[in-house]
Structure formats: structure tokens, C-alpha cells
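Participant: here's a sequence, model it:
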Amino acid sequence: MIIVVSRTESARYKYLRHLFGETIDVIFDRRLGQRRQPALERAGAERRQVDRRRAEVNGDLHNLGWALVRH
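Facilitator: This is a model prediction of the structure:
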């Protein structure tokens, strides 16, 4: 598992690293802005599932300042 922390939450990042640093990777969100490009064709069912999971991470980062990601 990975905990992704918003770049604006440095105190939370330090706390989570201290709390989980030995067992769970804690990283800052490294994404820069919107990377999506307009779709040229309709997305399939699997593609929509991936986008939905990404939306949950985005929402958690925005609302909580962090998100738990399973990989």
C-alpha cells in the first residue's frame, strides 16, 4: 500500500511518515495539473473503472489531504 499526501500538507506527510514509514510507503502527490487529453473514441468498461478509481484518489486528496492507494 501507498499513502499519497497532497503537496500542501507537509505536516501531515511528516506525521504519516513517522507513523507508517516502516510498513507503508508515504509519498507526496507528484502530479502536475490536468494531464487528461480528449478521448478520440469512446472508452471501454475497463477504462471507466480505472478513471473511477483515480477520481476517488483525487477526491480524497482534495477533501482529506491524503489518499490510500493499493498497488
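Participant: and the residue positioned nearest the centre of the chain, its phi and psi?
Facilitator: For the chain, the residue nearest the mean C-alpha position is residue 57 (4.3 Å; Cα atoms, centre = their mean). For residue 57, the backbone dihedrals are phi -60, psi -50 (criterion: degrees, to the nearest 10).
Participant: so where does the closest residue to it other than its chain neighbours fall, helix or strand?
Facilitator: Nearest non-adjacent residue to residue 57, counting by Cβ to Cβ, 6 or more residues apart in numbering: residue 67, 4.5 Å away. (C-beta placed from N, C-alpha, C; glycine too.) For residue 67, the element it lies in under DSSP states H and E is strand 66-69.
Participant: that strand pairs with which strands, parallel or anti?
Facilitator: In the sheet, strand 66-69 lines up against strand 2-5 (antiparallel) (DSSP bridges).
Participant: tell me the buried residues in the strand it pairs with?
Facilitator: Residues of strand 2-5 classed as buried: 3-5 (neighbour count, 16 or more other Cβ atoms under 10 Å).
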